[in-house]
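K.L.:
Take a look and give me a structure for this.
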Amino acid sequence: MKTQSAGATLVDKYLAGFAGPPRATLEALRATLLGILPHATEDVKYGMPAVVLGSKAIAGYAGFKEHCSYFPHSSNVLVAAGRAVAKYPVSKGGLRFPVEKPLPVGLVKKLVKLRLAELADVDNGPRFDYYDDGQLKATGQMKHGQLHGTWKWFRKDGTLMRTGQFARGAQVGTWETFDAHGKLVKTTKL
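P.N.:
From the prediction side, this is the model:
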């Protein structure tokens, strides 16, 4: 039996503050997000429930007296969504939807996909590439738009597949490939 995380317990407490249609709508959004991102964890960020991958919030949601809101934790996501969110009132950081009508699953998938793509679009600093279900696909550093430093790649089941080094986009150093059981199967020195 899976133990509930502290973050999920906080989300439960948040949702317990609602009744009727608002609670049902928020619960439906929660289930949709966790269905799309089964590898995510739950937490409360900025006072609202959120699904999180690693240390990055992917989506948050909240209930209010007259509406519910979805927060992609990035204003760029809503801009990139364009016409897909045109029928909803949108602010810089979120979109509002009726308390009695959950967001369509297709729209939530689109917003999540845009957020994951944003996390992979890094010129300088840490980059995280995810599979569509939120499983980590690759991680490493970027420098001036090029892969730089140590990188790791993972299989869809989460097992480490390969490690290697880059210097300004060029492969360097020792590269290692692992089988699905974690056994080192190949080492290449560049």
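K.L.:
Now do the strands in the protein.
P.N.:
Under the criterion DSSP state E, strands of the chain are mapped to 41-45, 48-53, 56-63, 68-71, 95-97, 125-130, 136-143, 146-154, 160-167, 170-178, 184-189.
K.L.:
which residues touch the closest residue to Arg23 other than its chain neighbours?
P.N.:
Nearest residue to Arg23, sequence neighbours excluded (C-beta to C-beta, 6 or more residues apart in numbering): Leu15, at 6.1 Å. All C-beta atoms are positioned from the backbone trio N, CA, C, and that covers glycine. Each residue near Leu15 by C-beta atoms under 8 Å, 6 or more residues apart in numbering is listed here: Arg23, Leu26, Glu27, Arg30, Pro49.
K.L.:
related to what we said a few turns ago, how about the strands of the chain, which one is nearest Thr9?
P.N.:
Closest to Thr9 of those, according to C-beta to C-beta: strand 41-45, at 8.9 Å.
K.L.:
strands paired with that closest one, and their directions?
P.N.:
strand 48-53 (antiparallel) (DSSP bridges).
K.L.:
what's the neighbour count on the residue nearest to Leu95 when sequence neighbours are not counted?
P.N.:
Excluding the flanking residues, the one nearest Leu95 by C-beta to C-beta, 6+ apart is Tyr88, at 4.5 Å. Around Tyr88 there are 18 other residues, counting by other C-beta atoms under 10 Å.
K.L.:
Torsion angles phi and psi at Tyr88?
P.N.:
Per-residue torsions, Tyr88: phi -110, psi 150 (degrees, to the nearest 10).
K.L.:
Let me see the contact set for the residue nearest the centre of the chain.
P.N.:
Geometric centre of the chain, nearest residue: Ile58, 3.8 Å, by C-alpha atoms, centre = their mean. Applying C-beta under 8 Å, 6+ apart to Ile58 gives the contacts Leu33, Leu37, Ala40, Ala50, Val51, Val52, Pro72, His73, Val112, Arg115, Leu116, Gly134.
K.L.:
Of these, which is the nearest to Leu147?
P.N.:
Within these, proximity to Leu147 (C-beta to C-beta) peaks at Leu116, which comes in at 18.4 Å.
K.L.:
returning to that earlier point: state the pLDDT value of the residue nearest to the centre of the chain.
P.N.:
As predicted, Ile58 sits at a pLDDT of 97.
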